[in-house]
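# I'd like to go over a predicted model; first the sequence, then the structure.
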Amino acid sequence: MSFLRAYTKPRVFAAAVIGSLIVGAALGVLARTTGATTLTTVLHEIGAIFTTLLQIAVIPLVFTAIVVGITSLRGLGGGRTAARLGGRTVLWFAITSFIASLIGIAIGKLFDPGTGGLGSGIAATAKNADKAAKSVSSWGSWDAFIDGLLPQNFFSAFAEGNTLQVLFLAVLIGAAAYSLGDKAKPFVDFTTSVFEIIQRYLGWIVRLAPLGIAGLIGAAVSNYGDALFRPLLSTTAAVYVGCLLVLFVVYPILLKFVAKISPATFFAKAGTAIQFAFASQSSAATLPLTRQAAVNLGVDPSYAAFATPLASATKMDGCAAVFPAIGAIFIANLSGVQLSIGQYVGIVVVAVLGALATAGTTGWLTALTLTTAFIGLDAKQVALGIALIYSVNPIMDMMRTATNVAGQIVVPTIVARGEGLLDDAVRDTPAAPKTAAVPA
C-alpha cells in the first residue's frame with residue numbers, strides 16, 4: 001500500500017511514465033531486430049486493451065464534464081459572468097490557434113516537406129489509400145462538418161461515439177440546466193455523480209498507464225521501425241519543431257507576461273498531464289489530469305470544471321493549427337503546387353475558426369482535410385498525402401497531443417488571471433493539493 005500511495009504522487013507517476021517509454025521502445029527494438037512476432041503481438045494487445053479502456057469513458061466524460069462545468073459557473077456570478085468567461089475562453093482559444101498556425105506555416109516553409117522525393121514511402125500508401133480517400137470525401141468539406149454537428153436524435157450521438165455531436169448536446173443541455181437553477185438540481189446532482197464515477201474509473205485506468213504506454217510505444221517501434229519514418233522525416237521533424245516552439249516558447253511567454261506565472265511552475269504542475277497526453281495520444285483520456293493541473297496552478301475549480309472539458313474537445317494547437325499548416329504545405333509540394341498568399345491566409349482562417357471540427361479521435365484528419373479543401377488542393381493529392389501521413393501518424397500524434405493538452409491548461413490559466421479567479425497561494429504550494437494529480 002505504501003508503494004501504491006507513492007506511485008500516485010505526481011513525480012513518481014511521471015517517472016513511471018518516462019520509464020515506460022524507454023522500456024517500451026527497447027522491447028520494440030528487441031522484437032523488430034529478433035523477429036519475435038509473439039512479443040510484437042503481446043505489445044500490441046497490451047496497448048490496444050489500454051486504449052479501449054480509455055475510450056470507453058470518453059463520450060460520457062465529455063458530456064458530463066461539460067454539463068457539470070457549465071452549471072458550476074453559477075457559483076462565480078450571474079449569467080453575464082458565465083457568458084463573459086465563456087467568451088474570453090473562446091477568444092484565447094482563437095488567439096493561441098492564430099499564433100500556432102503562423103508558426104506551423106513558418107516551419108513548413110523552412111523544412112519544405114515533400115519536395116525531396118519520398119522513395120519507399122510511396123509504397124506504403126497502398127494499404128492506406130482507400131481509407132484516406134474515404135476520409136477526404138467524408139470530412140473534407142464545411143458542409144459535412146455542419147451536417148455532422150447535429151445528431152439525428154439524442155441517443156444516436158452517444159451510440160455512434162460522435163464527440164462533436166455529444167459536445168453540442170452537452171453545451172445546450174448544460175445551458176438549459178443553468179437557466180433553470182434549482183429546478184434542475186436533481187439532474188445536475190445526478191450528472192455530477194456520474195461525472196465523479198467516470199473520473200474514479202479513469203483514475204484506476206490511469207494507474208495502468210505505464211503498462212499501456214510500454215505496449216503502445218513497443219508496438220509502434222516494432223511495426224514501423226525507421227523504414228517508414230525516414231521517407232517522411234522532414235514532415236515529422238517539422239511537426240515536432242513547430243509543436244515544441246508552441247509548447248516551450250509561445251506558452252511560456254504567455255504564462256510569464258499575461259498569466260503572471262513562472263513557466264517552471266507551470267511545467268512542474270502540468271508535466272504529468274503533458275507526459276500522459278504524449279504517450280496516450282488522447283486529450284479526452286487526459287482530461288482528469290488536465291483539469292487537476294489547472295486547479296493545482298490556482299485556477300478556480302468551478303471555472304476549471306467548465307474550461308478544461310471544453311478545451312479537451314476543441315482546443316488543439318497541435319492537431320488543428322501547427323499540423324494542418326505543415327500538412328497542407330507537404331501536400332502542396334507533392335502536387336507541385338505553389339501556395340499563394342491567399343491560401344496561406346486560408347490556412348490561418350481554418351485554424352482559428354475550425355477548432356470545433358477537430359473534436360474526436362480523428363481531429364488531425366478533420367483539420368487537415370478541412371484546411372486542404374478550403375484552400376483548394378486536389379482531393380486525389382490530399383488522399384495521397386494523408387495515406388503517407390498515416391504511416392507515421394502515431395509518431396506525430398504524440399507531440400501534437402502533448403501540445404494540445406498544454407494549451408488546454410494554459411488558456412484557462414490566462415483567463416483565470418484576467419478574471420481574478422487564480423489563487424496564487426494554491427499555485428505556489430510546492431506539493432499538489434489534497435486532490436491528487438493522479439486521480440485516486
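Nice, thanks for sending it over.

# could you pull out the strands for the chain?
Ranges of strands in the chain, per DSSP state E: none exist.

# shaky segments in it?
Across the chain, residues meeting the criterion (pLDDT under 70) sit at 1-11, 13-14, 75-79, 116-149, 164, 224-231, 354-363, 391, 431-440.

# Centroid-wise, who is the farthest residue in it?
Lys183 (35.1 Å; Cα atoms, centre = their mean).

# Next, find the distance separating that one from Ala177.
Computed as Cβ to Cβ, to the nearest Å, the Lys183 to Ala177 distance reads 9 Å. Heads up, the C-betas are built off the backbone N, CA and C, glycines and all.

# Now the closest residue in space to Arg417 that isn't next to it in sequence. Its backbone dihedrals?
Excluding its sequence neighbours, the residue lying closest to Arg417 (Cβ to Cβ, 6 or more residues apart in numbering) is Ala259, at 4.5 Å. When read as degrees, to the nearest 10, the backbone of Ala259 gives phi -80, psi -10.

# Who are the contact partners of Gly327?
Gly327 makes contacts with Thr235, Leu368, Thr371, Thr372, Gly385, Ile389, as judged by Cβ atoms under 8 Å, 6 or more residues apart in numbering.

# Spatially nearest residue to Gly346 (excluding sequence neighbours)?
Ile375 (4.3 Å).

# What separation do you get for Ala305 and Thr37?
46 Å.

# right, and the residue nearest to Arg417 touches Ile414 too?
Yes - the criterion here is Cβ atoms under 8 Å, and Ala259 meets it with Ile414 at 4.7 Å.

# Contact partners for the nearest residue to Phe154 once chain neighbours are set aside?
Distances taken as Cβ to Cβ, 6+ apart place Leu169 nearest to Phe154, at 6.6 Å, with adjacent residues excluded. Leu169 sits next to Phe63, Pro151, Phe154, Ala157 when contact means Cβ under 8 Å, 6+ apart.

# how close does Leu169 sit to Pro309?
In terms of Cβ to Cβ, Leu169 sits 13 Å off from Pro309.

# Also Val12?
To Pro309, Val12 is 27 Å away according to Cβ to Cβ.

# higher neighbour count, those two?
Pro309 (28 against 15; other Cβ atoms under 10 Å).

# so how far is Val426 from the closest residue to that one other than its chain neighbours?
Leaving out its chain neighbours, the residue that sits closest to Pro309 by Cβ to Cβ, 6+ apart is Ala65, at 3.5 Å. Counting by Cβ to Cβ, the gap from Ala65 to Val426 is 21 Å.

# Neighbour count: the two, which is higher?
It is Ala65, of Ala65 and Val426, that has more neighbours when counted by other Cβ under 10 Å, with 27 against 17.

# was I right about the more buried one contacting Leu287?
Yes - look at Ala65 against Leu287 with Cβ under 8 Å: they come within range, at 6.5 Å.

# Near Gln381, how many other residues are there?
18.

# doesn't Ser335 make contact with it?
Yes - at 4.1 Å, Gln381 counts as touching Ser335 under the criterion of Cβ under 8 Å.

# How about Pro394: what's its closest non-neighbour residue?
Nearest residue to Pro394, sequence neighbours excluded (Cβ to Cβ, 6+ apart): Ala220, at 4.9 Å.

# That neighbour - how many residues pack around it?
So Ala220, with other Cβ under 10 Å, has 20 neighbours.

# Could you verify my assumption that it touches Ala31?
No - applying Cβ under 8 Å as the test, Ala220 and Ala31 come out as separate, 11.0 Å apart.

# one step back: what do Ala65 and Leu287 both touch?
Residues touching both Ala65 and Leu287 (Cβ under 8 Å, 6+ apart): Thr308, Pro309, Ser312.

# nearest to Thr52, of these?
Proximity of these to Thr52 was ranked by Cβ to Cβ; the top entry is Ser312 with 19.0 Å.

# Around the closest one, how many other residues sit close by?
29.

# From Phe374, how far off is it?
Ser312 is 25 Å from Phe374, where distance means Cβ to Cβ.

# again, but for Ala273
For Ala273, the distance to Phe374 - Cβ to Cβ - is 32 Å.

# which of the two has more neighbours?
Using other Cβ under 10 Å as the criterion, Ala273 and Phe374 rank with Ala273 on top: 30 against 20.

# Verify the stated contact: Val295 with Tyr303.
No - Val295 lies out of contact with Tyr303 (Cβ under 8 Å); the separation is 9.6 Å.

# isn't Leu150 right next to Phe168, touching?
Yes - using Cβ under 8 Å, Leu150 is in contact with Phe168, at 7.2 Å.

# between these two, which one's more packed in?
Set Leu150 next to Phe168 and count neighbours by other Cβ under 10 Å: Phe168 wins out with 19 against 11.

# quick one on the thing from earlier: next, the contact list for the residue nearest to Arg417, please.
When contacts are counted by Cβ under 8 Å, 6+ apart, Ala259 is found next to Val410, Thr413, Ile414, Ala416, Arg417, Leu422.

# 6 Å - rerun?
Contacts for Ala259 were tallied using Cβ atoms under 6 Å, 6 or more residues apart in numbering; they are Thr413, Ile414, Arg417.

# Could you do Ile46 as well?
Contacts for Ile46 (Cβ under 6 Å, 6+ apart) come out as Gly215.

# Try it again at 7 Å.
Leu211, Gly212, Gly215 (Cβ atoms under 7 Å, 6 or more residues apart in numbering).

# Can you tell me how far it is from Val426?
37 Å.

# Tell me which residues of stretch 414-425 come out buried.
Judged by neighbour count using 16 or more other Cβ atoms under 10 Å, the buried positions of stretch 414-425 are Ile414, Val415, Ala416, Arg417, Glu419, Leu421, Leu422, Asp423.

# For the stretch 301-440 of the chain, just list every one of the helices.
Counting by DSSP state H, counting those that start in this stretch, residue ranges of the helices within the stretch 301-440 of the chain are 301-314, 317, 323-335, 341-353, 363-374, 379-418, 424-427.

# Any chance of a markdown table for those helices, columns distance to Phe266?
Below are the helices of the stretch 301-440 of the chain laid out as a markdown table (distance: least, Cβ to Cβ, whole Å):
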| stretch | distance to Phe266 |
| --- | --- |
| helix 301-314 | 14 |
| helix 317 | 15 |
| helix 323-335 | 23 |
| helix 341-353 | 23 |
| helix 363-374 | 24 |
| helix 379-418 | 7 |
| helix 424-427 | 9 |
